[in-house]
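K.L.:
turn this into a structure:
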Amino acid sequence: MLSFQRLNVYQRAIEFLALANEIVEELPRGHAERAEQLTRSAESVVRNIAEGAGRWSEADGAKHYKIARGEAMECAASLDVLKLRKLVALERYDRSIQLLEAVVGMLTKMVKPAAT
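P.N.:
You can find the predicted model right below:
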């Protein structure tokens, strides 16, 4: 197991990606664009956490963690749209948002503000 795979934030992001895949699989026909957007954002969270963990400099790592955080926020917005359109079960929506809140919280702590 690589070091980034041990990170709690990475494990929660993977858990969210699996749940997002389940949500996408249950979408009715005609929602391919919404499905693709959620999938791409969820995968980007995972990839950017891994890439950030693999960087040598703290600043370079932080850049990827910030991107991952933004993508996680985008996932939440995508879920809000699905909820509004009644395309996601409330239980799956709630669990997804819980996971994203955890991921965003951890990523926020991982990114140190720039010195002034």
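K.L.:
now the helices for this structure?
P.N.:
8-25, 32-53, 58-84, 90-110 (DSSP state H).
K.L.:
dump those helices to JSON lines, plus distance to L2.
P.N.:
All C-beta spots, glycine's among them, are computed from the backbone N, C-alpha and C. Formatted as JSON lines, the helices of the chain follow (distance: least, Cβ to Cβ, whole Å):
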{"stretch": "helix 8-25", "distance to L2": "10"}
{"stretch": "helix 32-53", "distance to L2": "8"}
{"stretch": "helix 58-84", "distance to L2": "15"}
{"stretch": "helix 90-110", "distance to L2": "17"}
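K.L.:
count of neighbours near L84?
P.N.:
When neighbours are counted by other Cβ atoms under 10 Å, L84 registers 9.
K.L.:
and if you look at H64?
P.N.:
Other residues near H64 come to 21 when the count uses other Cβ under 10 Å.
K.L.:
not counting sequence-adjacent ones, nearest residue to it?
P.N.:
Leaving aside its chain neighbours, H64 sits nearest to G52 (3.2 Å; criterion: Cβ to Cβ, 6 or more residues apart in numbering).
K.L.:
could you count how many residues lie near the one you found?
P.N.:
As a burial measure, G52 scores 25 neighbours (other Cβ under 10 Å).
K.L.:
wait, isn't it in contact with A59?
P.N.:
No: at 10.6 Å, G52 does not count as touching A59 under the criterion of Cβ atoms under 8 Å.
K.L.:
in CSV: the helices of the chain, plus mean pLDDT and distance to M1.
P.N.:
Below are these laid out as CSV (pLDDT from 0 to 100; distance: least, Cβ to Cβ, whole Å):
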stretch, mean pLDDT, distance to M1
helix 8-25, 98, 11
helix 32-53, 97, 12
helix 58-84, 97, 19
helix 90-110, 97, 19
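K.L.:
how near is the residue nearest to H64 to E101?
P.N.:
19 Å (Cβ to Cβ, to the nearest Å).
K.L.:
with L82 instead?
P.N.:
To E101, L82 is 17 Å away according to Cβ to Cβ.
K.L.:
repeat for L87
P.N.:
Taken as Cβ to Cβ, the span from L87 to E101 is 21 Å.
K.L.:
same thing with L84?
P.N.:
19 Å.
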